[in-house]
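Asker: fold the following, please.
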Amino acid sequence: MTTTRCHIVPPHLLRRLARDADPRVAQIAERTLLMGNDMVARREVRAARSGPRRDNLGGTGLLPPDVRDRGRAARPAPTDPTVVRPEPTDELQPDSGAVSPKRSIYDAQRKQELPGVLVRSEGEPPVADESVNEAYDGLGQTFALFAEEYDRNSLDDQGLPLTASVHYGVEFDNAFWDGEQMVFGDGDGEFFNSFTDSVDVIAHELVHGFIQFTAAFTYVGQSGALNESVSDVFGSLVKQRVRGETADQADWLIGESLFTDKVQGVALRSLKAPGTAYDDPTLGKDPQPATMDDYAEMPHDEQNDNGGVHINSGIPNHAFYLAATAIGGNAWERAGQVWYDAMTRGGLPKDADFAVFAQATVTQAGERFGSGSPEQQAVERAWQQVKVL
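Answerer: Numbering: from 1, shown residues only. Here you go, the predicted structure:
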């Protein structure tokens, strides 16, 4: 059985630090890797305890499908210059008839015992701890994207409460979803900053929970790379929506605030230009490919990141970037809707490869926007450009 480790920092970066960094950071990296191993078993138990995943139709939603789709069809086109969209917030207004998140933020107090001490609950004002407030806001902003844009009630579409623990471990160089909750480390301060500093990192890890309740991609090979890619895609969409950026305005970076100034790099990954996010003497060069020409064939074991799931995810990541920028406007509105539909309505198997997922997005683009529509053509062309189709 292949173990599942959905951490934002891939193991190859931590191994570089454990081998090449100064003794203090090397020890932190080694400890982070060992702590990650301990969390694998815990995550599998918690994910199993959360119950069987929803069917691939994605559940009932907040409204009947016919009413929901009629409402979406009645919306003005995203490119209509007369439309003034409200600024997105991390709070859903109770008088709008929409659902609200149920957030609980805990302080792990630099221990490895979860969840820790409760420090902020839903509706309570900000506290003095910046990491607590960043986690609270990031969870709310992710909830808001799925609820307001895709009519989804939390990760499981049934109002799942959102729990997060900050200050996990001593200088822990990672963040992860453990099957039931979010966990954030503080970073080593030498190469990595706090893992609550980037809203797309918070969203990325939370989206692993959404995947758990929908397609539940097996975390190995191409299906594992899809698991990472879908998390990157929606993590980027949360950040873009918070900033009010169109597809053309966005930077398409994942974890742009994670690296300290010491690192020669801008982020962990780039959807726009995979393989260019960093090139550092200690961390090495970003190994992500942008097309199947450079697909990394790797053994499907833990030492090789379960077949390079954090590496080959650059290919579907780039396909989404190409589709979103070709479609234009706000990426979460049409391109994001297609990816969401593929995840919830596409009938995807757990071991889906890139080609299966690509075809699901092409099909869902046709279902949503019409056969031969510009949206469907853009999606199909994107997968052709990365040489999956």
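
Asker: distance of A147 from V99?
Answerer: According to C-beta to C-beta, to the nearest Å, A147 and V99 sit 6 Å apart. C-beta: built from backbone N, CA, C; applies to glycine.

Asker: same check, this time on P115
Answerer: As judged by C-beta to C-beta, P115 and V99 stand 23 Å apart.

Asker: repeat that for I28.
Answerer: Distance from I28 to V99, by C-beta to C-beta: 40 Å.

Asker: who's more crowded, those two?
Answerer: Comparing I28 with V99 by neighbour count (other C-beta atoms under 10 Å), the higher total belongs to I28, at 26 against 17.

Asker: the more buried one: what's it in contact with?
Answerer: L17, V170, E171, F172, D173, D188 (C-beta atoms under 8 Å, 6 or more residues apart in numbering).

Asker: helices of the protein, start to end?
Answerer: With DSSP state H as the criterion, the chain has helices at 11-20, 23-49, 65-74, 130-144, 150, 199-212, 221-243, 305-312, 314-327, 335-345, 354-369, 374-385.

Asker: wait, which of those is closest to T260?
Answerer: helix 23-49 (10.8 Å; C-beta to C-beta).

Asker: kindly format the C-alpha coordinates of stretch 117-131 as PDB.
Answerer: Provided in PDB are the C-alpha atoms of stretch 117-131 (Å, rounded to 0.1, in the frame of the first residue of the first chain):
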ATOM      1  CA  VAL A 117      -5.000  24.700  22.800                       C
ATOM      2  CA  LEU A 118      -8.100  26.300  21.200                       C
ATOM      3  CA  VAL A 119      -7.300  30.000  20.700                       C
ATOM      4  CA  ARG A 120      -9.800  31.300  18.200                       C
ATOM      5  CA  SER A 121     -13.300  30.000  17.200                       C
ATOM      6  CA  GLU A 122     -15.700  31.000  14.500                       C
ATOM      7  CA  GLY A 123     -16.900  34.600  14.800                       C
ATOM      8  CA  GLU A 124     -14.400  35.600  17.400                       C
ATOM      9  CA  PRO A 125     -12.200  38.700  16.900                       C
ATOM     10  CA  PRO A 126      -8.500  38.600  15.900                       C
ATOM     11  CA  VAL A 127      -6.000  37.700  18.500                       C
ATOM     12  CA  ALA A 128      -2.400  38.900  19.200                       C
ATOM     13  CA  ASP A 129      -0.900  35.800  17.400                       C
ATOM     14  CA  GLU A 130      -0.500  36.600  13.700                       C
ATOM     15  CA  SER A 131      -0.300  33.000  12.700                       C
END
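
Asker: surely V99 meets D157?
Answerer: No: in this structure V99 lies outside contact range of D157 using C-beta atoms under 8 Å: 10.3 Å.

Asker: the bottom helix or strand of this structure by mean pLDDT?
Answerer: The helix or strand of the chain with the poorest confidence is helix 65-74; it has a mean of 37 (mean pLDDT, DSSP states H and E).

Asker: got CSV for the helices of the chain, with distance to L268 too?
Answerer: Below are those laid out as CSV (distance: least, C-beta to C-beta, whole Å):
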stretch, distance to L268
helix 11-20, 8
helix 23-49, 15
helix 65-74, 33
helix 130-144, 16
helix 150, 25
helix 199-212, 8
helix 221-243, 9
helix 305-312, 9
helix 314-327, 11
helix 335-345, 20
helix 354-369, 21
helix 374-385, 22
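
Asker: mind checking which of those helices is nearest V266?
Answerer: Using C-beta to C-beta, the nearest of the helices of the chain to V266 is helix 199-212, at 12.9 Å.

Asker: with just CA atoms, put that closest one into CSV.
Answerer: Output of helix 199-212 as CSV, limited to C-alpha atoms (Å, rounded to 0.1, in the frame of the first residue of the first chain):
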residue,chain,number,x,y,z
VAL,A,199,-2.8,32.2,1.6
ASP,A,200,-2.3,29.9,-1.4
VAL,A,201,-0.3,27.5,0.9
ILE,A,202,-3.2,27.4,3.3
ALA,A,203,-5.6,26.9,0.5
HIS,A,204,-3.4,24.3,-1.2
GLU,A,205,-3.4,22.0,1.8
LEU,A,206,-7.1,22.5,2.6
VAL,A,207,-7.9,21.5,-1.0
HIS,A,208,-6.4,18.1,-0.3
GLY,A,209,-9.4,17.7,1.9
PHE,A,210,-11.7,18.6,-1.0
ILE,A,211,-9.9,16.0,-3.1
GLN,A,212,-10.3,13.4,-0.3
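
Asker: so it versus helix 130-144, what angle?
Answerer: Relative orientation of helix 199-212 versus helix 130-144 (axes from the mean of the first three to the mean of the last three C-alpha atoms, to 10 degrees): 50 degrees.

Asker: helix 199-212 packs against which elements?
Answerer: helix 130-144, strand 175-177, strand 182-184, helix 221-243, strand 253-254 (3 or more C-beta pairs under 8 Å, 6 or more residues apart in numbering; DSSP states H and E).
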